[in-house]
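Asks: Give me coordinates for this.
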Amino acid sequence: MSDFPKSKVTFKLNNLKQRVKGIAREFKSEKFGKHITDQLVNKIRKDSFNFKTGKSFKKLKPSTIQNRKRLAKYNRKNKAYKANKPNLTFTGRLLNSVKGKFQAKASSIILRIDVSGTHAPYKYKGKEQGKPKPNKEIRNHLAKIGRDPLQLSKKAKNNLSRIIQAIIRERLR
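Replies: From the prediction side, this is the model:
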């Protein structure tokens, strides 16, 4: 046994929590979450891209295409709409409701991406079909049929994480 005292070095990180919260506030004020969600939505609309699989969404059934064409006559359409394109865009209301929000915890910053609000029913021959539905309910239905626009693969999550970590490291300097 040795008789000399052990060396101990302590790093105080008193203001780390405040700095992390400050960075989260900066992300919110700079609308960084909106920028990320806009990129995701644009990729879905332009390329019919499914972030879960890394490929395009599967093709629409002929009956779905026919139904979209029928409804298109009576509803305002998004400019990215095409009857046979599986890009989850008809009126654009669901994808327009996608929000990205940052939240600061003691040791982390969380980015939450989800839909919000309600989706008005489609019109057919001047009358609304059904009742307004929460966008979260529509997203759950899309997830059941393999078309969830916001389900990210591990690769996509890791890419986002790397980008956010690099920004956080830069701002902690």
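
Asks: which residues does Lys77 contact?
Replies: Counting by CB atoms under 8 Å, 6 or more residues apart in numbering, Lys77 makes contact with 90-92. Quick note: C-beta positions are derived from backbone N, CA and C, even for glycine.

Asks: Neighbour count for those residues - can I get that in CSV?
Replies: Listed next are the contacts of Lys77 as CSV, based on neighbours: other CB atoms under 10 Å:
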residue, neighbour count
Phe90, 19
Thr91, 18
Gly92, 17
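
Asks: What is the nearest of these to Arg68?
Replies: Phe90 (6.4 Å; CB to CB).

Asks: distance of the closest one from Phe49?
Replies: Per CB to CB, to the nearest Å, Phe90 is found 17 Å from Phe49.

Asks: Check Gly130 too.
Replies: The value you get for Gly130 to Phe49, if CB to CB is used, is 29 Å.

Asks: Between those two, which has more neighbouring residues?
Replies: Per other CB atoms under 10 Å, whichever of Gly130 and Phe49 has more neighbours is Phe49, with 17 against 8.

Asks: element containing the residue nearest the centre of the chain?
Replies: Central residue of the chain (CA atoms, centre = their mean): Ile113, 3.9 Å from the mean position. Per DSSP states H and E: Ile113 is located in strand 109-115.

Asks: Which elements pack onto that strand?
Replies: Using 3 or more CB pairs under 8 Å, 6 or more residues apart in numbering; DSSP states H and E, the elements in contact with strand 109-115 are helix 16-29, helix 32-47, strand 98-104, helix 135-144, helix 154-172.

Asks: Can you find the helix or strand in this protein with the smallest mean pLDDT?
Replies: Every helix and strand of the chain was ranked by mean pLDDT, DSSP states H and E. The lowest is helix 16-29, at a mean of 81.

Asks: about what we covered before: JSON lines for the contacts of Lys77, including distance to Ile23?
Replies: Below are those laid out as JSON lines (distance: CB to CB, whole Å):
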{"residue": "Phe90", "distance to Ile23": "38"}
{"residue": "Thr91", "distance to Ile23": "36"}
{"residue": "Gly92", "distance to Ile23": "32"}
